[in-house]
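# pasting a predicted model and its sequence here:
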Amino acid sequence: MNSSNATAVKQSPCSSETDAGPQFKVDEFARPHKAKVVLILCAYIALIGLFAAYHEIWRDEMRALNIVRESGNFLDLVSRLRNEGHPLLWYALLNLAYSVFQNTIVLKLCALASAGAAAAIFLLRAPFPLFIRALWLAGFYPAYEYSVMCRNYGVGMLCLFAAAACYDKRIESPWKLALCLSLAALTSAYGIIHVVAFSAALLLEPAFSRSARTKQALKSLYFAGTTALVTAALSLWTIIPEKTTTVTELHSLNLKDILHAAVAGAVNQGASFHNALVSPYPLIVPLVLLAVYALLLRTPAAIAYLFSVVVGMEMFNSLIYSGAALRHQGFLLLGIVVAIWLSRTSNLTPSFKMGWLPEPLSHRLLNAGVAVLLTLQLVPAYKFLRSDLMFPRSSSAAFANFVRHNASYENAVIAAEPDVALESLPYYLDNSTYLVREKRFGSVVSFTSVSNPQLSLNELISELSQLSDKQSKPVLLLLPPQIGDESTISVGYGRTLEVNSNGLERLNTEGKKLTCFEGALTDENYCVWLINN
């Protein structure tokens, strides 16, 4: 046997009874041949870097960097996050990177760095066979949604993996686990859910394990769990939107609604997140979770963590904001993976013997089940990566190229309806953007009552014609390709654009259609009009 693969598992100093708990040889999981790990990691980073190079940034990705660029200082940045629904960490990383490089490329670099670091931790520390670890990296979330897509969820994956990697030393070094969990709570609402669940598992662990009842163990577990809970509470407080928000009806909730959602979440058991498992059938998720619970009976803390994650995600989906987007769905899969990870690095003796299968068999069944789940992830990974390479995700890059190749539009002011189409443009262009519904220049749309919910095409043309005269600059207006028909167009969050005959007449009289950009994978397709022609 290779000497580098023969390292013995270190026993927890808090108890001599750890031989009764779940144990795993380091040479089987944590320290495979270094050359293989390095090769897999380098291949992963190279591939996601290649895909990222061809990826067009769209508004959901660029919005965070827009906020950073519009902020005068760090305190101003923090104050701008109140209605964003996301905690501070991703914005702080972008702020630091942008202050150094002063280039929008930092958006992709931060996303790639987060994904690469998460991959390194998973390859080096996750208690799964090497082929399963490699299979994870090839799946949809590490290969695309949490890496090529430049959002805060990749940082959340990184922090959760770091916390899982620190779990086996939670008694000796609780501050490391507390730090990783605290950072995870600052990544997203789903990160907060995972941290609360993780903290609950830590605080309940003394009830599940005799080894966790020593003075040192209790002190460490309560320190890590309480610290993470406090950080999660503070993070949650920072993302609660103002009552003027148009995104969620959070402020109308009452205790009855919350209790009902909790019960429903416990019963549904993740059915709302079936797309995370690449299943068209919601019932599949509860069945999978029941199987996982049954195979984790020897480590109740891991079950407590996963159960809490599932209930929390279901509650958030029904009460606060829809979890239908794949970026949200993925946190269910992360929960399953992390729960198994925790069960295999517990190193504490359970208070009672549970488990209906021999331990080696349950381990093999879990490995087989995880392998099946991760193999299914290859399907959306291939689908989305192929689509991203073949088709633009947004028309913003093509439009920016159009502007750069027309000198007369070099200083043009750009407006759009829906106005959110503007948010991706600053990645490619330095032109000023104007938000008609808010009557101000800017690149971050406000989803509050500040934004005019009902706008007519006639009002839009009037405002931009006056703006063109006042600024003595051409104004380019981005409108949906179907704008030629009289209709009321919904532009999201209860906002509408009224298109009538008067507005269409003014558009054709005072404007000139220059070109159209269609074929993007998202709704960022539009025609370009020159206003006050």
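Looks like it arrived, so ask away.

# any weak-confidence spans in this structure?
By pLDDT under 70, the weakly predicted segments of the chain are 1-32, 349-356, 533.

# rerun that using 80 as the cut-off
1-33, 347-357, 484, 533 (pLDDT under 80).

# quick one: the strands in it?
For the chain, the strands defined by DSSP state E cover 413-416, 434-435, 440-441, 454-456, 475-479, 487-492, 495-499, 511-517, 526-531.

# which one of the ones you listed lies closest to Arg210?
strand 487-492 (54.4 Å; CB to CB). Using the backbone N, CA and C atoms, a C-beta is placed for each residue, glycine as well.

# who's in contact with the closest one?
Contacts to strand 487-492, defined as CB atoms under 8 Å, 6 or more residues apart in numbering, come from residues Glu417, Pro418, Asp419, Val420, Pro480, Ile483, Thr496, Leu497, Glu498, Val499.

# list buried residues within those.
The neighbour-count test (16 or more other CB atoms under 10 Å) marks Glu417, Pro418, Asp419, Val420, Pro480, Ile483, Leu497, Glu498, Val499 as buried among the contacts of strand 487-492.

# list just the nearest of those to Arg151.
Val420 (15.4 Å).

# that closest one contacts Val444, correct?
No. Counting by CB atoms under 8 Å, Val420 stays clear of Val444, with 9.9 Å between them.

# re earlier: for the buried ones among the contacts of strand 487-492, which one is nearest Asn458?
So of the buried ones among the contacts of strand 487-492, ranked by how close each gets to Asn458 (CB to CB), first place is Glu498, at 8.1 Å.

# nearest spatial neighbour of the closest one, skipping sequence neighbours?
Ser456 (4.1 Å; CB to CB, 6 or more residues apart in numbering).

# can you redo the strands of the chain as JSON lines with distance to Ala143?
Output for the strands of the chain, formatted as JSON lines (distance: least, CB to CB, whole Å):
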{"stretch": "strand 413-416", "distance to Ala143": "32"}
{"stretch": "strand 434-435", "distance to Ala143": "35"}
{"stretch": "strand 440-441", "distance to Ala143": "38"}
{"stretch": "strand 454-456", "distance to Ala143": "40"}
{"stretch": "strand 475-479", "distance to Ala143": "32"}
{"stretch": "strand 487-492", "distance to Ala143": "29"}
{"stretch": "strand 495-499", "distance to Ala143": "35"}
{"stretch": "strand 511-517", "distance to Ala143": "28"}
{"stretch": "strand 526-531", "distance to Ala143": "30"}
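
# about what we covered before: turn the buried ones among the contacts of strand 487-492 into a markdown table, including distance to Ser408.
Converted to a markdown table, those look like this (distance: CB to CB, whole Å):
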| residue | distance to Ser408 |
| --- | --- |
| Glu417 | 23 |
| Pro418 | 26 |
| Asp419 | 24 |
| Val420 | 26 |
| Pro480 | 24 |
| Ile483 | 23 |
| Leu497 | 27 |
| Glu498 | 31 |
| Val499 | 28 |
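
# nearest to Lys512 among those residues?
Nearest to Lys512 among the buried ones among the contacts of strand 487-492, with distances taken as CB to CB, is Ile483, at 13.8 Å.

# residues contacting that closest one?
Ile483 touches Leu457, Ile489, Val499, Leu504, Leu507, Cys527, counting by CB under 8 Å, 6+ apart.

# report the contact partners of the fifth one.
Listed by CB under 8 Å, 6+ apart, the contact set of Leu507 reads Leu457, Ile461, Leu479, Ile483, Trp529.

# of those, which is the nearest to Arg298?
Checking the contacts of Leu507 one by one against Arg298 (CB to CB), the nearest turns out to be Leu479, at 60.6 Å.

# contacts only, for the closest one.
So Leu479 contacts Ala416, Glu417, Leu507, Tyr526, Cys527, Trp529 (CB under 8 Å, 6+ apart).

# repeat that for 7 Å
With contact set as CB atoms under 7 Å, 6 or more residues apart in numbering, Leu479 has these partners: Glu417, Tyr526, Cys527, Trp529.

# quick one: it from Leu507, how far?
Plainly put, Leu479 is 8 Å away from Leu507 if you go by CB to CB, to the nearest Å.

# as JSON lines, the contacts of Ile483 with distance to Thr248 would be great.
As requested, the contacts of Ile483 are exported to JSON lines (distance: CB to CB, whole Å):
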{"residue": "Leu457", "distance to Thr248": "29"}
{"residue": "Ile489", "distance to Thr248": "23"}
{"residue": "Val499", "distance to Thr248": "28"}
{"residue": "Leu504", "distance to Thr248": "35"}
{"residue": "Leu507", "distance to Thr248": "34"}
{"residue": "Cys527", "distance to Thr248": "32"}
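
# what is the nearest of those to Leu177?
Ile489 (49.9 Å).

# ok, that closest one - how many residues close by?
18 (other CB atoms under 10 Å).

# for the most centrally placed residue in the chain, give me its contacts.
Central residue of the chain (CA atoms, centre = their mean): Tyr153, 2.5 Å from the mean position. By CB under 7 Å, 6+ apart, the contact set of Tyr153 is Tyr146, Ser188, Arg327.
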